[in-house]
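Q: sequence first, predicted coordinates after that:
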Amino acid sequence: MPRRAKKPKPLRVLIADDHRLFAEALEAILAAESRIEVVGRARNGAEALEMVLDLNPDLVLMDISMPVMDGVEATRRIREARPEACVLMLTGSSAAADVDRSRDAGAAGYVTKDRIASELVDAIVESATR
């Protein structure tokens, strides 16, 4: 009897964004992708940090501008607590200063919200498999 190829486990993704409608739309886009499983949604950086420590996702999609704790500080703290954590910044800003701050905090990459439909799934898979 031939052995079936084992289906790879989906990448476990946490979405951290304070805009509920955007986060819900993003989750719907990712739900259609068999390589990705959304394991939670955080509304701010502090909640994202707590959820990463609890859920241990493969990748965090992190908005930069959020209340309580911004995405850059949350990324820094996540990477301090879990150096192997992969954080992909997701933002409306393409400012060089934001890109630099994100990289300095330990983000694996940076995707602007206007390029989500065309590039996000590929960016997630590429970042999480490095």
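A: Great, that's in hand. Numbering: from 1, shown residues only.

Q: quick check: bridge partners of the residue minimising distance to the centre of the chain?
A: Central residue of the chain (CA atoms, centre = their mean): residue 61, 1.6 Å from the mean position. Under the criterion DSSP bridges, residue 61 forms beta bridges with residue 15, residue 88.

Q: surely it and residue 15 touch.
A: Yes - if you go by CB atoms under 8 Å, residue 61 and residue 15 touch, sitting 5.0 Å apart. C-beta here means a position set from N, CA and C on the backbone, and glycine is covered the same way.

Q: quick check: which helices or strands does the helix or strand where residue 47 lies pack against?
A: Element membership of residue 47, judged by DSSP states H and E, is helix 45-55. Contacting helix 45-55 under the criterion 3 or more CB pairs under 8 Å, 6 or more residues apart in numbering; DSSP states H and E are the following elements: strand 11-16, strand 36-42, strand 59-62, helix 71-81.

Q: show the pLDDT at the residue nearest to the centre of the chain.
A: At residue 61, the model reports a pLDDT of 95.

Q: okay, the helix holding residue 47 in CSV with CA atoms only?
A: The C-alpha trace of helix 45-55 is given here as CSV (Å, rounded to 0.1, in the frame of the first residue of the first chain):
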residue,chain,number,x,y,z
GLY,A,45,0.8,45.6,21.4
ALA,A,46,0.4,44.5,25.0
GLU,A,47,-2.3,42.0,24.1
ALA,A,48,-0.1,40.8,21.2
LEU,A,49,2.8,40.1,23.6
GLU,A,50,0.5,38.3,26.0
MET,A,51,-1.0,36.2,23.2
VAL,A,52,2.4,35.3,21.7
LEU,A,53,3.6,34.0,25.1
ASP,A,54,0.3,32.0,25.5
LEU,A,55,-0.2,30.7,21.9
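
Q: residues in contact with that helix?
A: Helix 45-55 is contacted by residues 12, 14, 16, 39-40, 42, 57, 60, 62, 66, 68-71, 73-74, 77-78, 81-82, 85 when judged by CB atoms under 8 Å, 6 or more residues apart in numbering.
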